[in-house]
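A.B. asks: Take this sequence and fold it.
(one chain, ligands or ions: 1)
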Amino acid sequence: MTTETFDINRMPRGGPDASWLDRRLETDRLEYLDRDDVDDRKRKIIRSLDRGERFFGIHRKLARIVLDEVTDVREPKILELGSGHGGLSRALLEMHPTADVTVTDIEPASVAAIAAGDLGSHPRATVREMDATAIDAPDGFYDLAVFVQSLHHLPPPLAARVFAEGTRAAAKLLIIDLSRPPSLLHLVMLAPALPLVIFPYWHDALISSLRAYGPSALRALARYADPAITLDLRRQAAVLPGSPQIAVASSAR
Ligand SMILES: C[S@@+](CC[C@H](N)C(=O)[O-])C[C@H]1O[C@@H](n2cnc3c(N)ncnc32)[C@H](O)[C@@H]1O
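C.D. replies: Got it, this is the predicted structure:
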């Protein structure tokens with residue numbers, strides 16, 4: 001990694017040039033998903049995420065975005081990091097007849113639950129624990145690494161490591177995460193949602209929004225990880241609530 005003039009530890013989620021208001025719309029508070037003392041609650045939130053994403057057809061929509069990145073590979077090797085429940089990997093395997101998918105998460109209980117289901121015995125799936133900041137694979141082993149709705153869980157130094165590791169272990173790293181709305185819109189969206197924090201799912205959703213990285217932050221993280229990384233951001237303009245930020249990173253090395 002290289003060092004830059006700004007302090008990566010203190011980089012705002014809106015990026016080094018974030019406005020005064022944007023810098024206030026963030027928090028160090030952890031989501032339940034990030035805590036080690038609430039295992040049952042974590043499992044419930046992961047199951048709710050899976051149910052919601054299945055109900056709205058999000059797994060398949062995300063899978064289309066993922067598969068668009070490997071159209072030129074006949075038998076793509078795809079690594080899903082931070083899989084949580086395995087819903088995206090399952091959709092990838094259904095929608096691509098020859099893709100090989102490694103389904104991973106840092107959370108042992110999530111990996112155990114995925115391995116105990118259909119993906120555990122799927123002939124083209126491998127289920128295992130993996131930390132997105134320290135990928136256990138040789139350089140260039142995968143055609144694509146994918147990290148969905150997860151980057152915001154990591155503080156800037158670790159998020160930068162995901163860029164370094166994802167582009168080392170795979171030809172391309174695809175990050176899909178919550179978009180960080182322009183500050184005023186963000187404020188208007190957050191205010192009415194505040195009372196909902198009593199519900200664990202919404203507690204985490206609200207914190208996620210406050211921790212989402214903006215386009216400028218994503219560029220800074222990639223640059224900090226390795227100036228040789230090229231970043232293609234698919235959503236840089238003002239966005240409607242709920243539309244994801246898509247970032248595709250690859251390294252010239
Ligand atoms: C909000 S969930 C997203 C789950 C799933 N990708 C989805 O879109 O519904 C975030 C996931 O990231 C995982 N995670 C957090 N830090 C991680 C890390 N360093 N490496 C791999 N996974 C991580 C968590 O365990 C959790 O399963």
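A.B. asks: so what's residue 193 closest to, chain neighbours aside?
C.D. replies: If you skip the residues right next to it in sequence, residue 193 has residue 206 as its closest partner in space, 5.7 Å away by C-beta to C-beta, 6 or more residues apart in numbering. In short, each C-beta sits where N, CA and C put it, glycine included.
A.B. asks: can you list contacts of the helix or strand that contains that neighbour?
C.D. replies: When elements are assigned from DSSP states H and E, residue 206 belongs to helix 200-211. For helix 200-211, contacts defined as C-beta atoms under 8 Å, 6 or more residues apart in numbering pick out 13, 25-27, 29-33, 41, 44-45, 48, 149, 152-153, 178, 180, 186, 189-190, 193-194, 196-197.
A.B. asks: And the buried ones among those residues, selectable in PyMOL?
C.D. replies: Restricted to the buried members of the contacts of helix 200-211, where burial is judged by 16 or more other C-beta atoms under 10 Å, the PyMOL selection command reads as follows:
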select buried, resi 13+25+26+31+32+33+41+45+149+152+153+178+180+186
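A.B. asks: In helices only, show me the contacts of helix 200-211.
C.D. replies: If you go by DSSP state H, these have 41, 44, 45, 48, 186, 189, 190, 193 in helices.
A.B. asks: Closest one of those to residue 217?
C.D. replies: When the ones in helices among the contacts of helix 200-211 are compared for distance to residue 217 (C-beta to C-beta), residue 186 wins out at 13.8 Å.
A.B. asks: residues touching the closest residue to that closest one other than its chain neighbours, list them.
C.D. replies: Counting by C-beta to C-beta, 6+ apart, residue 25 is the residue found nearest to residue 186 once chain neighbours are left out, at 5.2 Å. Counting by C-beta under 8 Å, 6+ apart, residue 25 makes contact with 14, 183, 186, 187, 190, 210.
A.B. asks: The contacts of helix 200-211: which ones sit near the ligand?
C.D. replies: Counting by C-beta under 6 Å from any ligand atom, 33, 149, 153 from these sit close to the ligand.
A.B. asks: how close does the closest residue to the last one other than its chain neighbours sit to residue 45?
C.D. replies: Meaning residue 153. With sequence-adjacent residues excluded and distances taken as C-beta to C-beta, 6+ apart, residue 153 is closest to residue 34, at 5.8 Å. Distance of residue 34 to residue 45, given as C-beta to C-beta, to the nearest Å: 11 Å.
A.B. asks: Now do the same for residue 147: helix, strand or coil?
C.D. replies: What DSSP: H, G, I helix; E, B strand; the rest coil gives for residue 147 is strand.
A.B. asks: Residue 162 is in contact with that one, correct?
C.D. replies: Yes. Checked against C-beta atoms under 8 Å, the pair residue 147 and residue 162 is within contact range at 6.2 Å.
A.B. asks: Need the overlap of contacts for these two.
C.D. replies: When contacts are counted by C-beta under 8 Å, 6+ apart, the set common to residue 147 and residue 162 consists of 81, 132, 173, 175.
A.B. asks: Out of those, name the ones that lie in strands.
C.D. replies: With strands identified by DSSP state E, the entries of those that belong to them are 81, 173, 175.
A.B. asks: ok, the spatially closest residue to residue 149 that is not a sequence neighbour - how many residues close by?
C.D. replies: Nearest in space to residue 149, with sequence neighbours left out and distances taken as C-beta to C-beta, 6+ apart, is residue 177 at 5.9 Å. Using other C-beta atoms under 10 Å, residue 177 has 22 neighbouring residues.
A.B. asks: Please report the distance of residue 177 from the ligand.
C.D. replies: When C-beta to the nearest ligand atom, to the nearest Å is applied, the distance between residue 177 and the ligand equals 9 Å.
A.B. asks: do residue 229 as well
C.D. replies: Taking C-beta to the nearest ligand atom as the measure, residue 229 falls 19 Å from the ligand.
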